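Undergrad: predicted structure and sequence below. I'll ask about it afterward.
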Amino acid sequence: MKSNQKVKVAVLVSGGGTNLQALIDAVRSGSIKHAQLSLVISNNPEAYAITRAENADIPVAIVSGKEYPTQEAFEARLHTILAAYDIELIVLAGFMKILSQNFTARYPKRILNVHPSLIPSFCGKGFYGLKVHEAALAYGVKVTGATVHFVNEIPDGGEIILQKSVCVKKDESAESLQQRVMRQAEWIILPRAVELVSKEILSERKENGKQ
């Protein structure tokens, strides 16, 4: 498939970039066929995800909250960069910054997020990273997992696209559960969701006579 027939994807990151790496690997293996990773944006100039992007020859942009201290200025800069690269789909992959309703409304059903629980459990404001798994263990659930959903103005409140469950082991630590949820769920369903939504975008583009 020609690159101009693929959906241009931007991945927003803040940390190590393991979910970004899962996307890079999925493109290389051919399991993502209808999207190309066109841009990585980080709000953290020290994020290892930047190195992963550079190793994969993906353009990188840094939009630091220190340089753009207001939400409005930060998001205006994000929008300018996304527009410059003709981005059609945005993936939040460990992006540790809440986006406002003004921003998400510009991209209806065009922003994806992966959350490390089976929404609606252990999600919403304050539930991120290891805190999600600590809460799951404290509650005593026997099954957890990950969810890919569209992003709207409500944290973890958008329409669910895919979910995958992971059984909780006896005497599990939050750290071990986090690793297993990533390997057994997040890294599997995030590439699938990107491919699924990209195919839908291309179908809409074809219907509208833009392809």
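TA: Looks like it arrived, so ask away. Numbers count the residues shown, from 1 in each chain.

Undergrad: from here on, contacts and neighbour counts on C-alpha atoms
TA: Noted.

Undergrad: so in terms of bridging, what pairs with the spatially most central residue of the chain?
TA: For the chain, residue 92 is the residue whose C-alpha lies nearest the centre (Cα atoms, centre = their mean; 2.8 Å). On the basis of DSSP bridges, residue 92 takes part in beta bridges with residue 12, residue 113.

Undergrad: how close does it get to residue 149?
TA: Between residue 92 and residue 149 the distance is 10 Å, computed by Cα to Cα, to the nearest Å.

Undergrad: so what sits against both of these two?
TA: 112, 113, 114 (Cα atoms under 8 Å, 6 or more residues apart in numbering).

Undergrad: ok, so of those residues, who is nearest residue 172?
TA: residue 114 (22.1 Å; Cα to Cα).

Undergrad: if we can go back for a sec, so how far is residue 19 from the residue nearest to the centre of the chain?
TA: 9 Å.

Undergrad: with residue 102 instead?
TA: 26 Å.

Undergrad: try residue 142
TA: According to Cα to Cα, residue 142 and residue 19 sit 24 Å apart.

Undergrad: which one's more surrounded, those two?
TA: residue 19 (24 against 12; other Cα atoms under 10 Å).

Undergrad: tell me the secondary structure at the more buried one.
TA: helix (DSSP: H, G, I helix; E, B strand; the rest coil).

Undergrad: for it, what are its contacts?
TA: 93, 94, 186, 187, 190.

Undergrad: grab the longest helix from the protein for me.
TA: Longest helix in the chain by number of residues, with DSSP state H as the criterion: helix 187-207.

Undergrad: for that helix, which positions count as buried?
TA: By neighbour count on 16 or more other Cα atoms under 10 Å, the buried set for helix 187-207 is 187-199, 201-202.

Undergrad: where along this structure do the strands fall?
TA: 7-13, 35-42, 60-62, 89-92, 111-115, 143-150, 160-167 (DSSP state E).

Undergrad: which outside residues touch the third one?
TA: Put plainly, it is strand 60-62. The contact list for strand 60-62, computed with Cα under 8 Å, 6+ apart, reads 39, 40, 41, 42, 43, 44, 45, 50, 53, 54, 81.

Undergrad: swap in the first one?
TA: Here strand 7-13 makes contact (Cα under 8 Å, 6+ apart) with 20, 34-44, 47, 49, 82, 86-96, 198, 201-202.

Undergrad: cool, the second one as well?
TA: By Cα under 8 Å, 6+ apart, the list of residues contacting strand 35-42 from outside reads 3, 6-14, 24, 27, 49-50, 53, 58-64, 85, 87, 95, 194-195, 198.
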